[in-house]
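In: I need the structure of the sequence given here:
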Amino acid sequence: MADNENKVFINGQIISAEKACISVFDRSFLYGDGVFETLRTYNDNIFLLDQHIERLYISAKLIRLEIPWSKEWIKEAALKTVIENKGLNDLILRITISRGVQKGGVLPEKNIVPTIVLTTREIEDGRIKDSWKVIISTIRRNDKRAIDPLAKSANFLNNILAGLEGQDAGADESLMLNIDEKVTEGTVSNVFIVKEDVIITPPITDGLLRGITRDQVILLAKRGSLALIEKSIKIDDLYGADEIFLTLSSQGIVPVTEIDRNMMTVGNITEKLISEYNKMTDE
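Out: Reported below is the predicted structural model:
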């Protein structure tokens with residue numbers, strides 16, 4: 001890291017991570033009342049920064065949080081944070097916006113001032129796996145009529161509980177169903193299956209986050225003249241798939257080699273998409 005010390009961005013200032021702090025009355029700490037984005041750098045460049053910032057604003061709007069900073073200001077903050085933390089490895093960058101500090105009351109005050117924090121961590125050798133084992137979680141995804149999964153909220157407990165279930169089972173990721181038993185997404189990833197050379201991914205209407213990497217993979221499939229449809233996926237579809245892969249910003253495309261202890265093959269379509277995605281990140 002620059003100067004051998006991790007730096008963070010808080011409310012317009014770059015400071016040492018050891019000295020960084022937020023109030024114990026911050027609503028992100030008290031209630032998970034905020035939104036966030038997780039991004040990845042490749043060769044010291046932030047990948048798909050504009051798309052992530054756009055989704056950050058969509059999330060904020062969905063939870064009725066008014067962001068007082070411009071998109072350009074947040075973009076500059078992200079670039080500044082990465083520059084301050086350049087090291088030997090690529091970085092995971094997280095942008096978090098809390099509704100702000102308030103000493104009492106569940107409902108936010110009208111004059112509350114949001115808090116913005118940007119942090120980074122290095123992607124070290126061995127932390128990225130070439131494939132994942134997954135389970136189908138018994139934890140159901142929050143119903144979109146309660147908390148819309150399109151909002152990437154700092155209240156991540158739904159995903160955490162499903163992830164802990166996967167961890168207990170020795171899995172790398174847990175796939176979550178909605179209350180209608182349809183596949184939505186993983187705790188940190190979007191889901192794709194391949195059946196008879198057709199790529200299938202659940203529609204947003206089934207209750208999932210619109211993944212930035214998910215959108216890129218859909219574009220890559222179309223450019224490569226690969227058949228792709230968005231339609232509901234059931235458990236039997238997962239078990240009967242020829243290929244399964246997941247998408248997420250920190251790793252791109254990850255093949256699934258085991259689901260509920262059933263072995264899966266990394267097929268040609270998954271490998272082709274990984275190759276095309278890697279070309280895009282190399283650029």
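In: for the nearest residue to residue 67 once chain neighbours are set aside, what are its contacts?
Out: Residue nearest to residue 67 in three dimensions, not counting chain neighbours: residue 60, with 5.1 Å by C-beta to C-beta, 6 or more residues apart in numbering. Yep, even glycine has a C-beta here, placed from its N, CA and C like the rest. For residue 60, the contact set (C-beta atoms under 8 Å, 6 or more residues apart in numbering) comprises 35, 66, 67, 97.
In: Residue 128 now?
Out: residue 251.
In: for residue 230, same thing?
Out: 200, 201, 202, 203, 204.
In: how close does it sit to residue 32?
Out: 30 Å (C-beta to C-beta, to the nearest Å).
In: hang on, the earlier thing: please report the distance of the residue nearest to residue 67 from residue 99.
Out: In terms of C-beta to C-beta, residue 60 sits 9 Å off from residue 99.
In: before we move on, what about residue 37?
Out: With C-beta to C-beta as the criterion, residue 37 and residue 99 are 16 Å apart.
In: could you pull out the helices for this structure?
Out: With DSSP state H, the ranges of helices along the chain come out as 27-31, 49-62, 71-84, 157-168, 212-223, 235-239, 268-282.
In: For residue 136, which of those is the nearest?
Out: Smallest distance to residue 136 across those (C-beta to C-beta): 6.1 Å, for helix 235-239.
In: Quick check: buried residues in that closest one?
Out: 237, 238 (16 or more other C-beta atoms under 10 Å).
In: on that earlier part again, reformat the helices of the chain as a markdown table; add mean pLDDT and distance to residue 251.
Out: Output for the helices of the chain, formatted as a markdown table (pLDDT from 0 to 100; distance: least, C-beta to C-beta, whole Å):
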| stretch | mean pLDDT | distance to residue 251 |
| --- | --- | --- |
| helix 27-31 | 96 | 25 |
| helix 49-62 | 98 | 15 |
| helix 71-84 | 97 | 18 |
| helix 157-168 | 98 | 15 |
| helix 212-223 | 97 | 9 |
| helix 235-239 | 98 | 20 |
| helix 268-282 | 96 | 10 |
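In: so which of the ones you listed comes closest to residue 196?
Out: Closest of those to residue 196 is helix 268-282, at 10.7 Å (criterion: C-beta to C-beta).
In: what comes into contact with the closest one?
Out: Outside helix 268-282, the residues that touch it by C-beta under 8 Å, 6+ apart are 42-43, 47, 194, 197, 199, 216-217, 220-221, 223-224, 226, 243, 245, 252-253, 255.
In: Ok, stretch 210-227 next?
Out: 48, 51-52, 55, 150, 185, 189-190, 192, 197-199, 201, 204, 228, 247-249, 252-253, 269, 272-273, 276-277, 280.
In: same thing but at 6 Å, please
Out: Under the contact criterion C-beta atoms under 6 Å, 6 or more residues apart in numbering, stretch 210-227 has outside partners 48, 51-52, 190, 198-199, 204, 228, 247-249, 273, 276.
In: in the stretch 51-200 of the chain, which spans are strands?
Out: For the stretch 51-200 of the chain, applying DSSP state E, counting those that start in this stretch gives strands covering 91-98, 115-122, 132-136, 173-177, 183-186, 190-195, 198-201.
In: Grab the CA positions of the last one and hand them over as CSV.
Out: So the one you mean is strand 198-201. What follows is strand 198-201, C-alpha atoms only, in CSV (Å, rounded to 0.1, in the frame of the first residue of the first chain):
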residue,chain,number,x,y,z
VAL,A,198,-29.0,-22.1,-23.8
ILE,A,199,-27.9,-19.7,-21.0
ILE,A,200,-30.7,-19.0,-18.5
THR,A,201,-30.7,-16.5,-15.7
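In: Report the buried residues of that strand.
Out: So, applying 16+ other C-beta under 10 Å, buried residues of strand 198-201: 199, 200, 201.
In: What sits closest to the first one if chain neighbours are left out?
Out: The shortest distance from residue 199 to any residue other than its chain neighbours is 4.2 Å, reached at residue 228 (C-beta to C-beta, 6+ apart).
In: okay, that neighbour: pLDDT?
Out: Note on residue 228: pLDDT of 98.
In: Confirm for me that it is in contact with residue 198.
Out: No. Applying C-beta atoms under 6 Å, one finds residue 228 not in contact with residue 198, separated by 7.2 Å.
In: Specify the beta-bridge partners of residue 116.
Out: residue 97 (DSSP bridges).
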